[in-house]
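Enquirer: Structure for the following, please:
(chains A, B, C, D, E and F)
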Number of protein chains: 6
Amino acid sequence: MDERIMYDRMTWPEAKERIPKAKAVIVSLGSVEEHGYHLPLCTDNVLGSTLAAGIAERTNSLLLPVMPFGQVWSTRDFPGSISLSEETMVRVLTDVALSLRHHGARNIIFHSGHMGNQSAMKAAARRLYDRYDMKNVWYFCYTDYVKLSEGIMEAPLWRGSGMHAAEIETSMMLAAAPEFCHMERAVSDYPEGCEEMNYRCMPWTEFTQTGALGDPTVSTAEKGRVYTEKLIEHMSDIINRLLE
Amino acid sequence: MDERIMYDRMTWPEAKERIPKAKAVIVSLGSVEEHGYHLPLCTDNVLGSTLAAGIAERTNSLLLPVMPFGQVWSTRDFPGSISLSEETMVRVLTDVALSLRHHGARNIIFHSGHMGNQSAMKAAARRLYDRYDMKNVWYFCYTDYVKLSEGIMEAPLWRGSGMHAAEIETSMMLAAAPEFCHMERAVSDYPEGCEEMNYRCMPWTEFTQTGALGDPTVSTAEKGRVYTEKLIEHMSDIINRLLE
Amino acid sequence: MDERIMYDRMTWPEAKERIPKAKAVIVSLGSVEEHGYHLPLCTDNVLGSTLAAGIAERTNSLLLPVMPFGQVWSTRDFPGSISLSEETMVRVLTDVALSLRHHGARNIIFHSGHMGNQSAMKAAARRLYDRYDMKNVWYFCYTDYVKLSEGIMEAPLWRGSGMHAAEIETSMMLAAAPEFCHMERAVSDYPEGCEEMNYRCMPWTEFTQTGALGDPTVSTAEKGRVYTEKLIEHMSDIINRLLE
Amino acid sequence: MDERIMYDRMTWPEAKERIPKAKAVIVSLGSVEEHGYHLPLCTDNVLGSTLAAGIAERTNSLLLPVMPFGQVWSTRDFPGSISLSEETMVRVLTDVALSLRHHGARNIIFHSGHMGNQSAMKAAARRLYDRYDMKNVWYFCYTDYVKLSEGIMEAPLWRGSGMHAAEIETSMMLAAAPEFCHMERAVSDYPEGCEEMNYRCMPWTEFTQTGALGDPTVSTAEKGRVYTEKLIEHMSDIINRLLE
Amino acid sequence: MDERIMYDRMTWPEAKERIPKAKAVIVSLGSVEEHGYHLPLCTDNVLGSTLAAGIAERTNSLLLPVMPFGQVWSTRDFPGSISLSEETMVRVLTDVALSLRHHGARNIIFHSGHMGNQSAMKAAARRLYDRYDMKNVWYFCYTDYVKLSEGIMEAPLWRGSGMHAAEIETSMMLAAAPEFCHMERAVSDYPEGCEEMNYRCMPWTEFTQTGALGDPTVSTAEKGRVYTEKLIEHMSDIINRLLE
Amino acid sequence: MDERIMYDRMTWPEAKERIPKAKAVIVSLGSVEEHGYHLPLCTDNVLGSTLAAGIAERTNSLLLPVMPFGQVWSTRDFPGSISLSEETMVRVLTDVALSLRHHGARNIIFHSGHMGNQSAMKAAARRLYDRYDMKNVWYFCYTDYVKLSEGIMEAPLWRGSGMHAAEIETSMMLAAAPEFCHMERAVSDYPEGCEEMNYRCMPWTEFTQTGALGDPTVSTAEKGRVYTEKLIEHMSDIINRLLE
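Expert: Here you go, the predicted structure:
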């Protein structure tokens, strides 16, 4: 990774010069959250940082250090998960974005390695739009991840879209931080009987004992490398096409 | 550093077992904030993490990843500084502490590598005490740093207590992350005429051009090593004496 | 429509007896929002009420009068749209739900005839779960509407899922309230160039002049009748299967 | 009723033209609240809508659909009553008024068919005045109803001003929606011993078993017609005299 | 005045013994607000304290020092007026009342010498009732002042109820604090043309130049003495009759 | 004391003329709080008013009546203490300051006779700076009281800085309001074993039974007179030097 993308490695005189020149500043989000028997609580922080760094490199952007706590309503009852409320997340994002505007950032990108932050990212972007007239706030989170997994991943996604601690995430972790993975503990888990989660709030502890939704056992580092690269490229292309 | 202190490297079954056994879980705070011409914006995150890790090792505690954004009211107008409001900080700390209580933490320690977070740490501890009857929340931030610097540091502290980006912090950074320091740009700065900062809110941009308060030019890695070790030991002793 | 489903037609002694016996009380949501050149601002209120009444009849539930204002962020700049903030919506839903619990309702269903209310419904359900331990709060909004439209509707959905003031809604309105429809003004509109709406907040005034997304010109009352009936049946089936 | 007064029957191009031409837009409030043994929970919504429609017709104003939930602190323990907090009501009114200003409304009238909303209407008007400099917000609620009842109504008002579910309201309901009235269940109720309600908060369940305060048994549709007309005329005259 | 009624003259051991024995603790409110050409800004604090002290003496209650700032929306544009928002007032009252409950107060009486605080007193009492189940919170403010003025005062009340800086208040001030009164500057002022103040928010600066509403020129200390005594007796009687 | 410093003794036409001419308006804070066995709950209000009046006289400033309730978190469990939350205090200060700005005050000084208000004063000053761009808000509270006590006071300060209800405060009270002091009940109290109060929130009831921290028995009115005068002179000098 190119050190020069790291926002927080700059001194303030460097920041003064480089922030207004960057295409965007990326506000990186993750979570401390259960990821099954085999992945660590920091999984989303590792993946979020990896993806965001790749995007920063390809888009001439600066990357902030990851905000390590996220909105993990669904998994909060699993030991270890740290759960911020949506209002807390929105305030963090809003305050950070206002500082970046103050320093002349041209665009602000909220990027999350954790799906549960999506609603807070959008709410913060609306608040910034409504109260501060900021129209240069963007949000990305595993954009088009299902479609991009075709041809790379093998196991079916849980309920068509679930990927938590399953093949996709585990493969990416095997590529990014193999030393944190305990593949010998990985088990496949496709819980059933949870149709009602579409229609009411259901913590996942109500229906899964493993905390993984899908099949991590078929994951490989190679799949992870290819997929991660593809995701980075895909999001970078969108950013390079749409942001000015 | 012992990997086993890292809270977020655990899987959730490990968290289930180890959180209730640890003496405390440390919530580590820092900031993205200007630190003069020669130190990077991440200085407080580096120092905060270093100190907190040392404390965790000596007190049988678990360490959360650093919350990288802090309350930097005084320096917010220097390019690069990211400024969270006190209410935002208090909400983050409160939410995190409630999750830790949910998972059985015996004690919760707020530890900051950034002085500006002290008021938020105390306000959060009071909120947790008042609303949730939590009496096991502690806060530490460079405890007794002036006294501990005697015999190690040489330059006078600015106005008797100032240390921002000066000899103390720079020495600690030279010990912890020398590759981030630009000593050739370090300048001594003892701004005068700011008596009124005791009596009204004054952003530091009103009285310093460098953003450093004191003399970083006499800093050395050796001073930093000795001082860092002393600080860790001092705070660990207090914790081992007072927490059950 | 069976008058006996109407919550607000009861006297309080009737309410005392019937609320605890009903399978659910339906909190009906809509909006006052632009619906193209040809449909009135009350479209979502009409459709929401129609669907909710059908569901109430088939599930032995009681129906509250429609909350006529909703979260219409995207269309708020079109003349006539009335825009409530998400926090306002969440407070209304929370207060109403707490009253219903106070009166012994077994289940509470948030049902919206306006898509933009979905995020508020979910946020309110989470708030009720978190603060009041209420696990009997459900939310429905055109559930599976794309799939159910197959074989009935003809025109493609805008960007795969858009239906605002297009064939589906217009057909339903022709069935429910033909006197409010001005079919002679209906025009087809498939605006392009709005890819960025996936990645940042974009009021629809930025890309459509008509305020309709799709083709309302092929709508018929017959399509509307069939589709409305199918939607009601579908949601009623889910409710009868999942709620106790 | 003239359909043309109905705000929500317009399309947005009609709204664009007609809102700025109307003398005012009326934000109509009511409640879902107990009204004794004989009147339905929707009484205030029926009466509020009737009065507001009459006013709109006589003052060249537009009428929004009734906000059906109100502030019913006093009756909230009677089964069926739906109770919004004052802050919730104020937020609804404020959001609606800001949308109306955005669309060019010349005047905004809060009109309530429920007395309990008066404090929220005034608080919202002050908030709009203070934060948004809006001086064209008005509020009306059974203006001078006691004086206007002289010569029409016969039974004494409870404690000199009470009218809840008594002769006045019941007569108006007999005129507006006789099919909702159960006169055979009407009973006269003048509860005593509640002097302290002037000096502390007292839910009405503490002193009345019927939920009606006065004598509904002498009500007639004819009284209701005359009185309703008089009220509408009185408020319309004020509006035509004071608003520009 | 009997010193023993003064809550704040006690030491804490005295407070421990006497608070639970008192019939009530009186939370005294006033304002810093314009009172015409001839009365000082502290008028409501003087009168509020005088009345509250009289009540405390006659009801075996304890009196807190006056909260000197109030809700003065209507007069806030007159130089000198200090205006607290309703939410601020409600928070002060709520916090004070919770402390009093903590110390064992049997009843809490909000007493105001300023009319504009009435809505905040009631809102606070409701908040205490709703959130803390406190049913022993009472509010008084010139109770029945119009009726009690008959036979004592001579000049008509402005618009039937206005008394601001007019005969009543001025007479009471002449009795309580003649050294603060500038009778040579007193002028009679019955502003007209303000009918709309019943229907929209109107700061008084819109219609009066003097800031007095009525005729203070006919005031006398004797009237003030008699009236003050009557008011105290009236409110004390109610309290002695209703509170236990 | 010169009556002319009293803000609230002015009429509004006097306020109009004099507020803009004064060097500052002093917002005076105190508390109702336990002060040991021998001093009354009003101690901070008496001392705060005395000091603030002295400062007003020496600096050509106006003095508001004391806000008698403060933030007394540490002593709130002692009978009689009235505890406002920090947010409540900040709102009061903010509202008062905005009114003063509205009336043309050149400077606003928050002055507290109670140490516990310091954090609220600073938070309010920041809020005024951030939201309203007010840079003329100052705060003072026993400025340099330890240093000024040298040569006057005899007993050691508790833990180096404690003075609550001890020699300093008691001497000042003996000078200002001897009739409120019960010297026969005064006892010396230097509680030990409370090191942890530096690191976590600890109500004082956890470690002192008297509620006094130090030795009030050696207090004298003469010490109080000299010290009070010195404090007033010291703060007035600062104000005259720094404020324009």
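
Enquirer: Would you mind pointing out the helix or strand A:I26 falls in?
Expert: strand A:25-29 (DSSP states H and E).

Enquirer: From the contact counts, what lies against that strand?
Expert: Strand A:25-29 is packed against helix A:43-59, strand A:62-63, helix A:86-102, strand A:108-112, with contacts defined by 3 or more C-beta pairs under 8 Å, 6 or more residues apart in numbering or on different chains; DSSP states H and E. From N, CA and C alone the C-beta is placed, and that goes for glycine too.

Enquirer: Flag every buried residue along the third one.
Expert: Taking 16 or more other C-beta atoms under 10 Å in any protein chain shown as the neighbour-count basis, helix A:86-102 is seen to contain the buried residues A:86-101.

Enquirer: Pull the distance from it to the chain's centre.
Expert: 17 Å (C-alpha atoms, centre = their mean, to the nearest Å).

Enquirer: okay, the angle between it and strand A:108-112?
Expert: With axes from the mean of the first three to the mean of the last three C-alpha atoms, to 10 degrees defining the directions, helix A:86-102 sits at 150 degrees from strand A:108-112.

Enquirer: Now do helix A:86-102 against strand A:25-29, angle only.
Expert: 160 degrees.

Enquirer: Helix A:86-102 and chain F, any residue contact?
Expert: No. On the criterion C-beta under 8 Å from any C-beta of the partner chain, helix A:86-102 is out of touch with chain F, staying 10.8 Å away.

Enquirer: Could you name the helices and strands sitting against that helix?
Expert: Under the contact criterion of 3+ C-beta pairs under 8 Å, 6+ apart, helix A:86-102 touches strand A:25-29, strand A:108-112, helix A:118-132, helix B:86-102.

Enquirer: now do the second one
Expert: With contacts taken as 3+ C-beta pairs under 8 Å, 6+ apart, strand A:62-63 sits against strand A:25-29, helix A:43-59.

Enquirer: got a markdown table for the helices and strands packed on strand A:25-29, with mean pLDDT too?
Expert: Shown next, in a markdown table, are the helices and strands packed on strand A:25-29 (pLDDT from 0 to 100):
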| stretch | mean pLDDT |
| --- | --- |
| helix A:43-59 | 98 |
| strand A:62-63 | 98 |
| helix A:86-102 | 98 |
| strand A:108-112 | 98 |
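
Enquirer: Please compute how far the strand holding A:I26 lies from its chain's middle.
Expert: Computed by C-alpha atoms, centre = their mean, the chain-centroid distance of strand A:25-29 equals 10 Å.

Enquirer: give me every residue that touches whatever residue of chain A ends up closest to chain F.
Expert: The minimum distance from chain A to chain F, using C-beta to the nearest C-beta, falls at A:L98 (10.8 Å). By C-beta atoms under 8 Å, 6 or more residues apart in numbering or on different chains, A:L98 lies in contact with A:128, A:132, B:83.

Enquirer: now swap in A:L148 and tell me
Expert: When contacts are counted by C-beta under 8 Å, 6+ apart, A:L148 touches A:227, A:230-231, A:234.

Enquirer: Just give me the residue right at the centre of chain A.
Expert: Centroid-nearest residue in chain A: A:G113, 1.1 Å away (criterion: C-alpha atoms, centre = their mean).

Enquirer: show me the contacts for that residue.
Expert: Contact analysis of A:G113 by C-beta under 8 Å, 6+ apart lists A:28-31, A:44-52, A:66, A:141-142.

Enquirer: of the residues you listed, closest to A:A177?
Expert: Of all the contacts of A:G113, A:V46 has the smallest distance to A:A177: 5.1 Å, by C-beta to C-beta.

Enquirer: Just give the nearest non-adjacent residue to the closest one, would you?
Expert: A:A177 (5.1 Å; C-beta to C-beta, 6 or more residues apart in numbering or on different chains).
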